[in-house]
Structure formats: structure tokens, C-alpha cells
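A.B. asks: Below are the sequence and a predicted model; questions follow.
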Amino acid sequence: MDSRYTGPAFSKLALVVAMQAALTGCLMSEDSDSGSVNSGNTGSANGVVSGQAIDGYLNRARACIDANKDGICGEGEANTLTDERGYFELDGSSSPDSAVVVEVIPGITVDMDRPAAPLEVSYSLTSPPGKNKYVTPVTTMVRALQQAGQPLEQAEQQVRQQLSLSEAQMVYEDFVAMDSAEGRRMHAVSQVIVQVVSSTVADSTTEDMSTAEQAMVTALAMRKVATGQLEVIRDTVAQRAGDDGAVDLATVDAVSQTLFQQSRSQLVVTQNEVAQEQQNPGSVAAPVTPAPQPPVTPAP
């Protein structure tokens, strides 16, 4: 029997609430950055926290310091709009250990990969606290594993291994700016991650759910992609990429739709899973420590 949430047709408003309410605040575990790579760190001179929001570069997205760790850019929290390169600067002096959350604002935020029109559906990106030089779908995957209970170093290693990144610091990188086959491939991978997560949330959420339930569904959707889909996304994108690593947007869209439909039964968050997670946080789609692998040799 399908125990998925059923009810009114899903609307953009529900997705706005769901994506903004999750990612950072739900399923919170103790953070640890012992031994983690430091290339994602950003300058914080005089308490200023700066970075870039990147799927493509996100222009006029809302970036904030998530001081109360609820995953939302709320009242009283330092926030600003990103510029056309995704840059933001925030006053983080009062919350030095808090993560940055970047929220897409429907009808306002523009993904500079598709500059002709603003985005119609909201989603959020985040990164581990202190690692917000680049806030991307890949850093969001690291954060999802961290929030599910993995130490930060282990979460970084798992994402690196599953995406076949050539160097440890690649989990914190601006793939749009990288003039390499790996950078172009990872740009496409990032785009697919966002679309698969968004489809999962849309298919798991209804308008009559509470904000807390919506946040739980979205956090579980992020975790399911982080723990079970990254290698599939990596391999499918690699098969479609040209010799230079590039994948056109039409192919990105088609791959995203196909992967979601193929894995829908595993990705969609059920009512039983929400109840299980409420009773035993971290138990749904719990991260599994990957076996050690030799370093990836970059392609010539």
C-alpha cells in the first residue's frame, strides 16, 4: 500500500514553504569539522561573512545567517540579496557558528544559467557552518549528511567519493568558473541534484501539511538524494557529457526527469518515514560509511 502523503494538488506555495523550512534546521545533529578540508572557508574579518550562491549563479536570491538554526531566513536574522554573480556579504558577528542559508525567491531570483526569466519555484541551498565561500548543491549534500549525524570530514569524503571528485577541496568549488571537463561535468551534476530534490519534495508534500512536516519532508528528500542518488547522477551525467564535459540545459532537464521517475519509489517521502524520523531522528535513509577508495586520478 502506498503510504505517501495524499491530498490536494501540490502548489508552488507549498514548495516555497517546504524548501525554505528545511535543509539547515531539521534533523539537527551536533556539528563537527575536525579534520575537514578548509578550502570552503570564507573570510570573516570584522564579523563579515561573504560568499557566492551557485547553481548557476543565483541573482537576487536571499542569503541569511541562520542564527536560530531553523533553516529559514527569519525576522531579525542578517540577510541580503545576492548580485548577478551570486555574491553576498552578511554581518555574522553575533552568530559566528551559524550556517548560511540561500533562498530562491519565486518570480524574483534569476539563475544566470537561464537568465531570460526568473525562477518560478523556491528552493534553498546551504553549507556547513564556516564553509560558505561557495554555497552550492554539492555543499548542500555535505550539509545533509552532516545533519544526519556524520562528522563533517566523513560527509565531505563521502560526497567526494560518490561524485568522483579529483581533489578533496572540490566539494567546495565554483564549478561554473572552472575551465575544465571536471568543472563543466560537475556544473551539470549540480543542476540535476537541484531538480531531483525539487521533484521529490513536490511529490511528497501537500498543502495541508504543517510547516514542521514540510520541513521534515524536505530534509528527508535531501538526505535520500545524498545517500542514494549521487553515484547514479554522476554516472548518468558522465554518459551524456561531451568530450569537454559540457551538458546542455535540455539534456540536464531530461536527465533530471528520467532519474526522478526511475527512483521515485525510493525518493518520495512517506508518512511512515516522517513518523519514524520524528520518533528516531537520523533513522531514515541513514548515511552509510563508504569503503575507502584510492584517490581519483584527474583526466588529462
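C.D. replies: Great, that's in hand. Numbers count the residues shown, from 1 in each chain.
A.B. asks: Please name the residues that touch residue 51.
C.D. replies: Residues near residue 51 by C-beta atoms under 8 Å, 6 or more residues apart in numbering: 42, 63, 87-88, 100, 127, 132-135. For every residue, glycine as well, the C-beta is placed using N, CA and C.
A.B. asks: Between the two ends of stretch 70-86, what distance do you get?
C.D. replies: Stretch 70-86 has an end-to-end distance of 23 Å (C-alpha to C-alpha, to the nearest Å).
A.B. asks: outside of that stretch, which residues touch it?
C.D. replies: Applying C-beta under 8 Å, 6+ apart, the contact partners of stretch 70-86 are 20-26, 52-54, 57-68, 88-92, 94-95, 101-103, 110, 112, 124, 126, 215, 219.
A.B. asks: hmm, back to that, please pick the buried ones from the contacts of residue 51.
C.D. replies: By neighbour count, with 16 or more other C-beta atoms under 10 Å, these hold 42, 63, 88, 100, 127, 132-135 as buried.
A.B. asks: So which of the contacts of residue 51 is the closest to residue 185?
C.D. replies: Of all the contacts of residue 51, residue 185 sits closest to residue 134, with 16.6 Å by C-beta to C-beta.
A.B. asks: That closest one is in contact with residue 173, isn't it?
C.D. replies: Yes - counting by C-beta atoms under 8 Å, residue 134 does reach residue 173; the two are 6.3 Å apart.
A.B. asks: Am I right that residue 196 is in a helix?
C.D. replies: Yes - counting by DSSP: H, G, I helix; E, B strand; the rest coil, residue 196 is part of a helix.
A.B. asks: Could you pull up the contacting residues of it?
C.D. replies: Counting by C-beta under 8 Å, 6+ apart, residue 196 makes contact with 225, 229, 233, 256, 259-260, 267.
A.B. asks: Show me which of those are buried.
C.D. replies: 225, 229, 233, 256, 259-260, 267.
A.B. asks: so of those residues, which ones are in helices?
C.D. replies: 225, 233, 256, 259-260, 267 (DSSP state H).
A.B. asks: possible to save the residues you listed as JSON lines with distance to residue 208 and pLDDT?
C.D. replies: Converted to JSON lines, these look like this (distance: C-beta to C-beta, whole Å; pLDDT from 0 to 100):
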{"residue": "225", "distance to residue 208": "25", "pLDDT": "93"}
{"residue": "233", "distance to residue 208": "31", "pLDDT": "96"}
{"residue": "256", "distance to residue 208": "27", "pLDDT": "95"}
{"residue": "259", "distance to residue 208": "28", "pLDDT": "95"}
{"residue": "260", "distance to residue 208": "23", "pLDDT": "95"}
{"residue": "267", "distance to residue 208": "21", "pLDDT": "93"}
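A.B. asks: So which of those is the closest to residue 206?
C.D. replies: Out of these, the member with the shortest distance to residue 206 (by C-beta to C-beta) is residue 267, at 16.4 Å.
A.B. asks: Would you mind confirming that that closest one makes contact with residue 260?
C.D. replies: Yes - taking contacts as C-beta under 8 Å, residue 267 lies within contact range of residue 260: 6.8 Å.
A.B. asks: hey, what's in contact with both of those two?
C.D. replies: Residues touching both residue 267 and residue 260 comprise 196, 199-200, with contact defined as C-beta under 8 Å, 6+ apart.
A.B. asks: about what we covered before: just the ones of the contacts of residue 51 in strands?
C.D. replies: Those of the contacts of residue 51 mapping onto strands are 63, 87-88, 100, 134-135, per DSSP state E.
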